[in-house]
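J.: sequence first, predicted model second:
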Amino acid sequence: MRALFSLRRGLAIAALVAFCSPLMAADDRAAYDKAITSAVNFLASQQNKDGSFSESSPIGVTGLCAAGILEHGRTADDPTVKKALTYLESQVKEDGGIYAEGSNHKNYETSLAVLAFAAGNKDGRYDKLLAGTDKFLKGIQWDASEHKDETDPFYGGAGYGGHKRPDLSNTAFMMEALKATGNGPDDKAMKKALVFVSRCQNLESEHNTSEFPAKNPDGGFYYTIAAGGSSQAGETPNGGLRSYGSMTYAGLKSMIYAGLDKEDPRVKAASEWLGKHYTLDENPGMGQQGLFYYYVTAAKALDAFGEEEFVTADGAKHAWRAELRKELLGRQQADGSWVNETTRWMEGNPLLVTGYTLLALKHAQPDAGK
């Protein structure tokens, strides 16, 4: 009798879960769609007459915002998007780059504009423009043309542009832009970039024989190996470079884009570091600094990693897309925007941060990965 009761109770619970699951899924999708609509409306209301977004760094922010809108179903002919892309077209230079006159951020600006044009290029209308950006980005990569061979710490990396020191953040943006225009792991620029990315990891191997991994052998990533090495998270007491969240996700994403699989020791070490530091409360190692950059980089990296549940060091399984959606939707402002109270790296600019968040949510949408 007791067994029959338990069976009936189990069947009832199963039936209730089966009944409620579609409703919860529908509610999740409705909340997600509402958040996206509100964000897109916010951006449209803030667009300048010339089609740009933001008074500060308008090319990069415009590229980011346009890409974010395009990734959520709008087309290049949508009025807001069309104005933004027309503005970006007006900033194309003879060398193929898309940047402001005298800019110190040529790589960032061009790479973010590429994400927008690539997302809006469904009919090939931007093929010529994107061929120019491809040439430009490959031209600013440090290699033999800058008298750097594969033994040099600068080799394969990209900096802000104008022969600035290469770093992992700029290199990751460049690689993502190259991937968006069809460059795969066999592309020479991607292979060269992997050399630089591997040297920004705290992992001793044939790919990284610098002094730093032995001083902090945790498998995470830091900002740059070039020019003596540097980490935004600072140094360990023995002179090692501290790993931190956003750069470790950037490293993981870039390695996957360059063709490494989950069995590669570099990928394993990065995922293990992230498993020990998995959180959505902060950018590990940096606190609230660069939090939304961390979110978008994490979303892209985990999507590329290809696991719907990310297993952390304690054995817990995290449905990371649902967790990230909940976190981001909970942080949305009443006007539809997102902003970081910790303003370093321009994250006090709601246009920039809303662009980041739209891209993050694209990779975390309810039906992604299915």
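T.: Received the coordinates, thanks.

J.: what about the strands in the stretch 201-350 of the chain?
T.: 310-311, 317-318 (DSSP state E, counting those that start in this stretch).

J.: pick the most buried one from those.
T.: Neighbour counts (mean count of other Cβ atoms under 10 Å) averaged over each of these peak at strand 310-311, with a mean of 16. For glycine as for every other residue, the C-beta is placed from the backbone atoms N, C-alpha and C.

J.: partners of that one in the sheet?
T.: According to DSSP bridges, strand 310-311 forms sheet pairs with strand 317-318 (antiparallel).

J.: what is the mean pLDDT for the partner strand?
T.: Averaged over strand 317-318, pLDDT sits at 98.

J.: can you give me how far that strand is from the chain middle?
T.: 21 Å (Cα atoms, centre = their mean, to the nearest Å).

J.: same check on stretch 92-108?
T.: The answer for stretch 92-108 is 21 Å, by Cα atoms, centre = their mean.

J.: end to end, how far does it reach?
T.: 14 Å (Cα to Cα, to the nearest Å).

J.: buried ones in that stretch?
T.: Across stretch 92-108, burial judged by 16 or more other Cβ atoms under 10 Å covers 92, 96-99, 103, 105-108.

J.: check contacts around the closest residue to residue 126 other than its chain neighbours.
T.: Excluding the flanking residues, the one nearest residue 126 by Cβ to Cβ, 6 or more residues apart in numbering is residue 117, at 4.5 Å. Counting by Cβ atoms under 8 Å, 6 or more residues apart in numbering, residue 117 touches 85, 88, 126, 129-130, 133.

J.: you'd agree residue 81 is up against residue 120?
T.: Yes: taking contacts as Cβ atoms under 8 Å, residue 81 lies within contact range of residue 120: 6.5 Å.

J.: now the helices for the protein?
T.: 2-46, 58-70, 79-89, 106-119, 127-139, 168-180, 188-198, 212-215, 245-257, 265-276, 291-305, 320-331, 350-363 (DSSP state H).

J.: including distance to residue 314, could these go into TSV?
T.: TSV is the format used below for the helices of the chain (distance: least, Cβ to Cβ, whole Å):
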stretch	distance to residue 314
helix 2-46	26
helix 58-70	34
helix 79-89	43
helix 106-119	35
helix 127-139	40
helix 168-180	28
helix 188-198	28
helix 212-215	25
helix 245-257	17
helix 265-276	9
helix 291-305	18
helix 320-331	15
helix 350-363	24
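
J.: residue 153 is nearest to which of those helices?
T.: helix 188-198 (8.0 Å; Cβ to Cβ).

J.: dump that closest one to PDB, restricted to CA.
T.: The C-alpha coordinates for helix 188-198 follow below in PDB (Å, rounded to 0.1, in the frame of the first residue of the first chain):
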ATOM      1  CA  LYS A 188      47.700  32.400 -40.900                       C
ATOM      2  CA  ALA A 189      46.700  35.400 -38.800                       C
ATOM      3  CA  MET A 190      44.700  33.100 -36.500                       C
ATOM      4  CA  LYS A 191      47.600  30.700 -36.100                       C
ATOM      5  CA  LYS A 192      49.900  33.600 -35.300                       C
ATOM      6  CA  ALA A 193      47.500  35.000 -32.800                       C
ATOM      7  CA  LEU A 194      47.300  31.600 -31.000                       C
ATOM      8  CA  VAL A 195      51.100  31.900 -30.400                       C
ATOM      9  CA  PHE A 196      50.600  35.200 -28.600                       C
ATOM     10  CA  VAL A 197      47.400  34.000 -26.700                       C
ATOM     11  CA  SER A 198      49.200  30.900 -25.400                       C
END
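
J.: could you list the buried residues of it?
T.: Buried-residue list, helix 188-198, by 16+ other Cβ under 10 Å: 189-190, 192-198.

J.: just stretch 153-162 next, same as before
T.: Going by 16+ other Cβ under 10 Å, stretch 153-162 has these buried residues: 153-161.

J.: also stretch 47-56?
T.: 47, 51-54.

J.: equivalent analysis for stretch 139-154, please.
T.: Buried-residue list, stretch 139-154, by 16+ other Cβ under 10 Å: 140-143, 148, 152-154.
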